[in-house]
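>>> Sequence plus predicted model, see below.
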Amino acid sequence: MSLFVAAFGFGLVSMSVIAIAAVGFTMQFGITNMINLAYGEVMISSAYVAYYLNKAGISIWIGMVVGALFGAAFSFLLNRIVYAPFQRKGTSYLGMVIVSLAISLMMANLLLPIVGYYSVSYQEGTGGLIRLGAIILTTNQILIIGIAVVVMLLIHGLLKYTRLGKAMRATSANPTLARNCGIPTQRVVDAVWLITGALCGLAGVVAALNSDSFAIANGAAFLITILAAAVLGGAGQPYGAMIGAVLIGLITELSAAAWSPEYKEVVAFGVLVLVMVLRPQGLLAKRGAMAAAG
Amino acid sequence: MNSYYAINLLIYAGVDIIACLALNLQFGVAGIVNFSFIVFQAVGAYTAAVLSMPPDTAPDYSFQIYVGGLQLPFPIPWIGGAIAGGLLAVPVGFVVLRKLRSDYQAIALLVLSVIANTVITNARPFLNGAAGLALVPAPLADLFDPATYGYFYVGLTAVCTALVALVAFRIVNSPYGRTLRAMREHEVAATAIGKNPVALKMTIFIVGGVIAGLSGGILTGYITFWAPSVWLYPETIILFAAVIVGGRGNNLGAVLGALLVPVGFEEVTRFIPSSIGPPGLIPALQWVAIGLLIIGFLWFRPEGVRPEPRRVFEGAPD
Amino acid sequence: MTSRSDQPMLVATDIHRHFEGMHAVDGVTIEVAPGKITGLIGPNGAGKSTFMAVLAGTLPSTSGTIVFDGKDITRLPAYRRARLGLVRTFQLPSEFARLTVLENLLVAAQHNRGDSLFGALMGKRYWIEDERKLVQQARTLLKRFGMTAKESDYAGTMSGGQKRLIEIMRALMLQPRLLLLDEPMSGVHPKIVQEIQYYLQDLRHEGLTILMVEHELHMVERLCDTVVVMAQGKVIGSGTMSSLRKQQEIVDAYLVG
C-alpha cells in the first residue's frame, strides 16, 4: 500500500513536469494550429544546454533559466524560418505534420554527433529527503513541483489578465475575426512561440533533472506523454493540458508501481488511444476556444 | 562490381520498391498518412521468421526465446507474413481510421510505431526482445549451393516485386483508383456522391498491410535476422521521403523514389569513409539529409520528380 | 430520374440540430413536392445551410425524422443517402481538384464494375465496357452543359462558375431523385448564372425534384414553384412568392423588393 502512496508522490512530480511541457505544446496547437512534433527534441536540446553549463560548474537552477531562454529563441526561429512560411504557402495540416516530423528527425541527428549516444546526468545534489507520511521526495522534486505551480499561475495570469493573453484567446478561437478586429496576429504568434518555447525549454531541463539520466532517445518518449496529456485535456486548451498532465502523471506513476516502469509510455499511449476513440475532443471540449475551466 | 554487392543491391531495391508501392497506395493515392508503415513490415518479418524457424527448444536455437517455431516450408512463412500484415491492419485501422481527423490519425499511427518497438523490445519471451531473432532459415537454401543461392533469391524477389507492381498498377489505373483519389481530394464531396470513405480507407490500409508484410518476409529471409533495431520508427520516414521525392499518387513515381532515396542515397553515402568525424556521424548526417530532402521537396516540388499524370481518355477533343 | 406521384419526395419532421449550445435548426418541418423546384430562403444565420447538411446526412440531427420517397433515412449516413438518390451540392467549391473534369463526372457513376478492389484487380478487360459507356454518358452531359472542350483539364483550374457546373453535372451522373443545391449561383459570373437557371428549368421539366437555398430573390421568383422561409432556425412561412409577400411578418422579417 505504501508503494502506491509513494507512487502518488512521484505522480505529483511527474504531473508537474508534464504540465509545464503540455501547456506549451497545446498552446502552440491552439493558437497557431501547429502540431509541433519537434517539441520533444527542443526539450532535449535545452536539457543538454543546461548540462554543458552544469559541467562548467554553473548551478542547474541557472541552467533552467538559460534552457528556457534557449527554448524560447529556438522555437521562435523554428516557426519563423520553417513553420510559418509553409503555413502561408497553404500547406495542409498533414503536410505540416510531415514537416515537423522531418525537423524533429534532423534535430535529433544533428545533436547526436555532438552529444553522443550515451546518457548523461546533471551534477547536482538531490538535496535532502523530505517525508510526508509514506511519500518520500527529494528537495529538488519539491522545488520542481513549486516551479510548476508558479508557472501555471503565471500562464493563468497571462491568459486572463493581460492584453496579450486576451489576444491569444481571440486568435485561438477565430484567427480571421481576430485579425479583422485589429489584433496584430503576427505579433501574437511570435509571442506564443517565445512563451511556449520557454515552457518547452524549461520543461526539458526539469524533466532531465527529474530523471537519473537522459539521452537524445528520450525525446520521443517525452513527446508521447505530452501528446497524451494534451489530447486528454482537449487539444488547444491550456487548462485542459493542466488537467491532462495531472491525470497522466498519476496514471503513469501508479501503473509503474503496479506493473513495470518500462511501460510508462505504453500506458500513456493506451490513454491516448482511449481518448481518441471515446472522446477525441478531450475533457474540455470546444476545439479552438481557450475558455477557462469552471 | 562484385556479384555479392550486386545481389545485395538488387534485393534491397526490390524490397524498397515493394514498400514504396504499398505506401504510395496508402498515402499517395488514398491520402492516409501511415506513419506506422514499418510496423507492418516488422509484423510480416516476425511472422515469417517464427513460422519458418524450429522451436526455441531446438539445439542451435535455445539461446533465443520466442513463440511459434513451426518450421514450416517455403512459401508458407511468406504467405503467413503477408496475412499477418493484413490482419494487423484491421484493429489498427478500426481504431484510427474511422472518426479521427487526419492529423490525429497521423499522430496516433506515429505513436503506435514508437510504442510497438518499445513493447517488443521489453517483452523478451515473445520475440526475443532487443536481441531479436537470429538464424532465420533462408527459404529453399538446401536446394542451391551457396554460390548460386544469391541469384535464386534475386529472382524470387523480382517475382514478388512484379506481382506487387501488377496489383498496384491495376488498382491505381482503374475506376477504383479514381474513387480513392477523389476521396483524397475532398472526402466530404466523395460521400456526397455515394462513396464510403471508411470502407475505402480500411480496404487500402489492409492491402498496404499485406504488401508490407510480404516485404518483411522477403527481408528477413535474406538477412536471416530481425530485431527491433531494424524497424525503428524513423524507417517509415525514409519511405515517406522516397514517395514524396519520387512523386506520389503514381506507381512510377513510387518506383523512382525507391531507387533514388533508400537505394540511391544509401549507395552514394556508402562510399564516404566512416572514419570521418566522430563515430556515427555519417548515418546521422544521412538522416539530416533525408529531413532536408523532405522539406526541400515539399517546398519546391511537392508533386515529386514524376508527378501524378493527367488522365486523358481516348476520343478526347484536342 | 423521377417518380411522378402525389407523395411528397421528402418529408422532414421536427428537425432539431443543437451544437455547443446553439440551436441552429430549431424544429423545422417541411415537405418537398416531387417534380418541382422548392426554394429555401431566409436571412444569414437562419440555419438554411445547416438544415441542408442535415438533410444530406453530412451533419447528424439532434432529433426529428426524415423520410425520403417513403423510406426513413434518418439514421443513414450521407453516402447511403446519395446512393438512394438524395444528392447535394456545396456552397463552397468542392470539385475534385486533381482529377480532370471528365474524371469528376466518371467518379460519380454508380454502376462501374471497376469501382471495387475486386474489379480493379481483375484488370482492364473486366471493366472497360462499363467505363466506355460511362464516358459516353459523361461526354453527353459535358456537351449539354457546354464544357466539352475542358474535359481533360484539371477541375481545380476551372473558374468558379465552371466548378459549379461540374458539381451539378457530377450530381446528375448519379441519376438523383432529389437534388439539394446550396446557393448554386453564389460566386458565379452573371452570364453563367443565366445558363444555370436554364439548366435547372430543363431539369425540372424532365421531372427532377430540386430543393435549393438561394439569396437572390428575383432568381427565386423565376425558378421556384414554392418557397420556404426560415429565420433563426425555424420555418416562418411557406407558399408561393406572391402569397408570401402578402404576409406582413415575412415581409418585415426578410422580404425586401
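Received, thanks.

>>> Which stretches in the stretch 151-257 of chain C count as strands?
C:178-182, C:209-213, C:226-231, C:234-239 (DSSP state E, counting those that start in this stretch).

>>> Report the mean per-residue pLDDT for the third one.
What that stands for is strand C:226-231. For strand C:226-231, mean pLDDT rounds to 90.

>>> Each with direction, which strands does it pair with?
strand C:37-41 (parallel), strand C:234-239 (antiparallel) (DSSP bridges).

>>> Compare the strands of the stretch 151-257 of chain C and say which comes out lowest on pLDDT.
strand C:234-239 (a mean of 87).

>>> Centre of the chain to it, how far?
20 Å (CA atoms, centre = their mean, to the nearest Å).

>>> Equivalent analysis for stretch A:254-273, please.
18 Å.

>>> swap in stretch C:86-96?
8 Å.

>>> That one close to chain A?
No: Stretch C:86-96 does not reach chain A (CB under 8 Å from any CB of the partner chain); its nearest approach is 14.8 Å. In this view, the C-beta of every residue, glycine as well, is placed from N, C-alpha and C.

>>> May I see the buried residues of that stretch?
Neighbour-count burial for stretch C:86-96, counted by 16 or more other CB atoms under 10 Å in any protein chain shown, picks out C:86, C:87, C:88, C:89, C:90, C:91, C:93, C:94, C:95, C:96.

>>> Identify the farthest-apart pair in the residues you listed.
The largest separation in the buried residues of stretch C:86-96, counting by CB to CB, is between C:86 and C:93 at 21.1 Å.

>>> just the CA coordinates of the least confident helix or strand in chain A by mean pLDDT, formatted as CSV?
When each helix and strand of chain A is scored by mean pLDDT, DSSP states H and E, helix A:175-180 comes last, with a mean of 77. What follows is helix A:175-180, C-alpha atoms only, in CSV (Å, rounded to 0.1, in the frame of the first residue of the first chain):
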residue,chain,number,x,y,z
PRO,A,175,-7.9,34.0,-36.3
THR,A,176,-9.6,35.8,-39.2
LEU,A,177,-12.0,37.5,-36.9
ALA,A,178,-9.2,38.4,-34.6
ARG,A,179,-7.2,39.9,-37.4
ASN,A,180,-10.2,41.9,-38.6
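
>>> Okay, the residue of the stretch 101-250 of chain A found nearest chain C and residue A:236: tell me how far apart.
Per CB to the nearest CB, residue A:173 is where the stretch 101-250 of chain A lies closest to chain C, at 12.1 Å. Here the criterion is CB to CB, to the nearest Å. By it, residue A:173 lies 10 Å from residue A:236.

>>> before we move on, what about residue B:4?
Distance from residue B:4 to residue A:236, by CB to CB: 55 Å.

>>> From the contact counts, what lies against the longest helix seen in chain A?
Counting residues, the longest helix in chain A under DSSP state H turns out to be helix A:2-32. Judged by 3 or more CB pairs under 8 Å, 6 or more residues apart in numbering or on different chains; DSSP states H and E, the packing partners of helix A:2-32 are helix A:39-55, strand A:135-138, helix A:139-161, helix A:163-173, helix A:185-210, helix A:218-233, helix A:238-258.

>>> Least reliable of these by average pLDDT, please.
Averaging pLDDT over each of the helices and strands packed on helix A:2-32 puts strand A:135-138 lowest, since it has a mean of 82.

>>> Mind listing what's buried along it?
A:135, A:137, A:138.

>>> likewise stretch A:177-191?
Buried-residue list, stretch A:177-191, by 16+ other CB under 10 Å: A:178, A:183, A:185, A:188, A:189, A:191.

>>> Dump those residues to TSV, plus distance to residue B:182.
Below are the buried residues of stretch A:177-191 laid out as TSV (distance: CB to CB, whole Å):
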residue	distance to residue B:182
A:178	35
A:183	38
A:185	34
A:188	38
A:189	35
A:191	41
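
>>> Could I get the phi/psi values of residue A:130?
When read as degrees, to the nearest 10, the backbone of residue A:130 gives phi -120, psi 130.

>>> in the sheet, who's paired with it?
residue A:137.

>>> Tell me which residues touch the nearest residue to residue B:29 once chain neighbours are set aside, please.
The spatial neighbour of residue B:29 that comes closest, neighbours along the chain excluded (CB to CB, 6 or more residues apart in numbering or on different chains), is residue B:180 at 5.0 Å. By CB atoms under 8 Å, 6 or more residues apart in numbering or on different chains, the contact list for residue B:180 reads B:29, B:30, B:171, B:200, B:204.

>>> On the three-state scheme, residue B:180 is what?
helix (DSSP: H, G, I helix; E, B strand; the rest coil).

>>> out of the strands of the stretch 151-257 of chain C, nearest to residue B:47?
strand C:178-182 (48.7 Å).
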